[in-house]
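> Any chance you could fold what I've pasted below:
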Amino acid sequence: MKVKVQKLDGKASGDIELNDAVFGVEPRADILHRVVTWQLENRRGTARPTRERSDVARTGAKFGAQKGGGRARHGDRGAPIFIGGGKAHGARKRDFNQQLNKKVRALGLKMALSSKAKEGLVVVDTLELKDAKTKALKGHFEKAGLGGKVLFIDGESVNDGFSKAAGNLPGINVLPAMGANVYDILKHDTLVLTKDAVAKLEARFNG
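Numbers count the residues shown, from 1 in each chain. Below you'll find the predicted structure:
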């Protein structure tokens, strides 16, 4: 699949051949749904578990006489009514992690990239800026027609100047090639890959 390469300001900069095994896979909604669900479930945090009555280190023996003490008939210092006792109905630790086959995860990423390759994929030569200023970068985006939610994926690491300049622009997110994932790709209107990112993603699957 041949795609035109452009500069950040929208000017043409040649062509690039995309690997059909990575960018030409027919998307399937069920696979994408499974991968996105797996991603979001694994992001979920869990409440810090509290110690209940059986978890606290207090004596379980009856600490006072049944009668004659003038106090209630208590039998356990670990009861929730005492200072240092266990919490009644406390938060429990819950595990939301799901398992998903590596092949399915890889297939989901290929499908997400392929869905953007059909519509919403832009390839640029580099993210380097002569003037790494937010105002200048915004002007480049307007010239290139990049609007809405845009995800930029760079090579080994994200260009520092671009990352800082894009930090205050709403809807603009930047990731290195290693951080490319199905959820972030699908939730953005446009995907912008650098040539380095294309090489890294293709090598990731071919390797």
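> for the protein, what are the low-confidence residue spans?
Counting by pLDDT under 70, the chain shows low-confidence ranges at 207.
> and the most far-flung residue of it relative to its centre, what helix or strand is that in?
Relative to the centre of the chain, and counting by CA atoms, centre = their mean, the farthest-placed residue is residue 68 at 63.5 Å. If you go by DSSP states H and E, residue 68 is not part of any helix or strand.
> Let's test this: what are the backbone torsions at it?
Per-residue torsions, residue 68: phi 90, psi -10 (degrees, to the nearest 10).
> Look up how far residue 152 lies from it.
According to CB to CB, to the nearest Å, residue 68 stands 78 Å off from residue 152. Quick note: C-beta positions are derived from backbone N, CA and C, even for glycine.
> List the single closest residue to residue 59 in space, sequence neighbours excluded.
residue 77 (5.1 Å; CB to CB, 6 or more residues apart in numbering).
> Near the one you found, how many other residues are there?
When neighbours are counted by other CB atoms under 10 Å, residue 77 registers 17.
> just so I have it, where are all the strands in this structure?
For the chain, the strands defined by DSSP state E occupy 2-6, 12-17, 121-124, 150-153, 172-175, 190-194.
> Quick one: list the elements packing against the first one.
Put plainly, it is strand 2-6. strand 12-17, strand 121-124 (3 or more CB pairs under 8 Å, 6 or more residues apart in numbering; DSSP states H and E).
> Of those strands, which stretch is the most buried?
Most buried of those, by mean neighbour count (mean count of other CB atoms under 10 Å): strand 121-124, with a mean of 20.
> Grab the CA positions of it and hand them over as CSV.
What follows is strand 121-124, C-alpha atoms only, in CSV (Å, rounded to 0.1, in the frame of the first residue of the first chain):
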residue,chain,number,x,y,z
LEU,A,121,-3.9,8.0,8.6
VAL,A,122,-1.2,10.6,7.9
VAL,A,123,2.5,9.9,7.5
VAL,A,124,5.0,12.7,8.1
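> Let me see the residues that make contact with that strand.
3-8, 13, 16, 23, 113, 144, 146, 190-195, 198 (CB atoms under 8 Å, 6 or more residues apart in numbering).
> Show me which of these are buried.
3, 5-6, 8, 13, 16, 23, 113, 144, 146, 190-195, 198 (16 or more other CB atoms under 10 Å).
> between the longest helix anywhere in the chain and strand 190-194, what angle do the directions make?
Using DSSP state H, we find that the single longest helix of the chain is helix 102-118. Here the directions of helix 102-118 and strand 190-194 differ by 100 degrees (axes from the mean of the first three to the mean of the last three CA atoms, to 10 degrees).
> Which residues does helix 102-118 contact?
Contacts for helix 102-118 (CB under 8 Å, 6+ apart): 1, 3, 18, 21-28, 31-32, 34-36, 38, 121, 180-182, 185-186, 190-191, 201, 205.
> ok, now stretch 163-180?
Stretch 163-180 is contacted by residues 109, 113, 129, 132-134, 136-138, 141, 148-158, 162, 184, 188, 196-197, 200-201, 204 when judged by CB under 8 Å, 6+ apart.
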